[in-house]
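J.: Sequence and predicted structure below; questions after.
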Amino acid sequence: ATLTEGGKALKGAYGGTPFPIPQSGGEAMWNHFLAWKGSAADTVADLFVVDSNGTRSLSARIEASRVYPYYVQDGESKFDGTHWMLSRAQLKAPARRVGAATVGVFPMDYQNQLFGSWQYMPGQRRVRKLPNVQFDTPNFFVSGVANFDEAY
């Protein structure tokens, strides 16, 4: 595996840890992005916000489907460089947020391939491209109490 200048693209990797002994921060980050999560997953998660008194409030119940083409068995010949796809994350609760949905595409070449996330908001009846939904961006699923990079 090799990184392009700046580490925004990874080439020559499929189905494993691209840098078993990382030599840079970029290599360590790609090892984290491509860590084994299976080849697909369907999950239901309840997310709560807890106040200073210990009272829990349901922020979101999310039904999500994820596909990790990087780890699909015998899929190397069809691999297009998209290492992770959030094919659907739909809010099922609380009632005020039901119907909102998010999709995302995360390629191994952030400069030259389709990259990003989109959200459907039922109140507006439209789909919008989201700003950067990684790193220290406030996570709307938990009402902005945590950042997206705190999910792991």
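T.: Received, thanks. Small disclaimer: the values here were computed from a predicted structure and weren't measured.
J.: From now on I want contacts and neighbour counts done on CA atoms only, so please keep to that.
T.: Will do.
J.: The residue lying closest to residue 65 once chain neighbours are set aside and residue 80: what is the separation?
T.: Nearest-residue entry for residue 65: residue 42, 4.4 Å, with adjacent residues in sequence omitted and distances by CA to CA, 6 or more residues apart in numbering. Noted for residue 42: a distance of 22 Å to residue 80, by CA to CA, to the nearest Å.
J.: quick one: what helix or strand has the residue at the greatest distance from the centre of the chain in it?
T.: Distance from the C-alpha centroid of the chain peaks at residue 53, with 31.5 Å (CA atoms, centre = their mean). Following DSSP states H and E, one finds residue 53 outside all helices and strands.
J.: before we move on, what about residue 27?
T.: helix 25-33.
J.: could you point out which element follows that helix?
T.: Next along the chain after helix 25-33, taking DSSP H and E as the criterion, comes strand 40-50.
J.: Can you tell me what sits against that following strand?
T.: 56-68, 141-142, 145 (CA atoms under 8 Å, 6 or more residues apart in numbering).
J.: go with 7 Å
T.: Under the contact criterion CA atoms under 7 Å, 6 or more residues apart in numbering, strand 40-50 has outside partners 56-68, 142.
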